[in-house]
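> Give me coordinates for this.
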Amino acid sequence: MSCRYYISQQLTDKSDVYSFGVILLELVSGQEAISNVNFGVNCRNIVQWAKLHIESGDIQGIIDPTLHTYDIQSMWKIAEKALMCVQPHGSMRPSMCEVIKEIQDAIAIERGASAKQGSSDEISRHSVHSSLNMGSLDLGASEHYLSIDDSITQPAARFQ
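Model prediction:
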């Protein structure tokens, strides 16, 4: 979190974007946000770990190994946008509208890749096939959903 939150104890849209970036990294990698074991000696959290891999061009190093079929271009889009979300200064982070647009672009890429591969049950079950039906983003197995709806772009009032 930012120094602004520490001082004011008030969350902002930009702190929400940071949190969402962490969630995107968790979804892509299958890792928890903080670990003393999973990220190696130099990293204690998913942001540091993913940043090292992504900035060195190693997207494969962060992708959850249980994801068998996916379009690498869509993974890059999500990973790069996630890194933008977790920038140290809120002013450097994108708006949620920009994040949603990037996710929708990644979904379109996945849909195009899925159409080229065919639509067998095996591909659907093990791919990073994405769906906006019913306002959800399906990131693999049917029990894992991330809902994209109006609450993201129109956050509720903050309580003190």
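> So which residues of the protein form helices?
In the chain, the helices defined using DSSP state H lie at 3-8, 13-29, 46-55, 72-85, 96-117, 121-126, 150-153.
> ok, of the ones you listed, where does mean pLDDT dip lowest?
Note on the helices of the chain: helix 121-126 shows the lowest mean pLDDT, a mean of 40.
> quick one: residue 40 from residue 49, how far?
For residue 40, the distance to residue 49 (Cβ to Cβ, to the nearest Å) stands at 7 Å. (C-beta placed from N, C-alpha, C; glycine too.)
> More neighbours: which of those two?
Higher neighbour count among residue 40 and residue 49: residue 49, with 21 against 11, using other Cβ atoms under 10 Å.
> Any figure for the gap between the more buried one and residue 29?
With Cβ to Cβ as the criterion, residue 49 and residue 29 are 8 Å apart.
> Need the overlap of contacts for those two.
residue 62 (Cβ atoms under 8 Å, 6 or more residues apart in numbering).
> Grab the nearest non-local neighbour of residue 64.
residue 30 (3.2 Å; Cβ to Cβ, 6 or more residues apart in numbering).
> Quick one: residues contacting the one you found.
64, 65, 66, 67.
> cool, residue 54 as well?
62, 79, 80, 83.
> Give me the buried subset of those.
62, 79, 83 (16 or more other Cβ atoms under 10 Å).
> Which strand residues bridge residue 45?
residue 34 (DSSP bridges).
> I'd say it and residue 39 touch.
Yes. Assessed by Cβ atoms under 8 Å, residue 45 is found in contact with residue 39 at 7.0 Å.
> picking up where we left off before, now for the contacts of residue 30: which two are most distant?
Using Cβ to Cβ, the two most remote members of those are 65 and 67, lying 7.2 Å apart.
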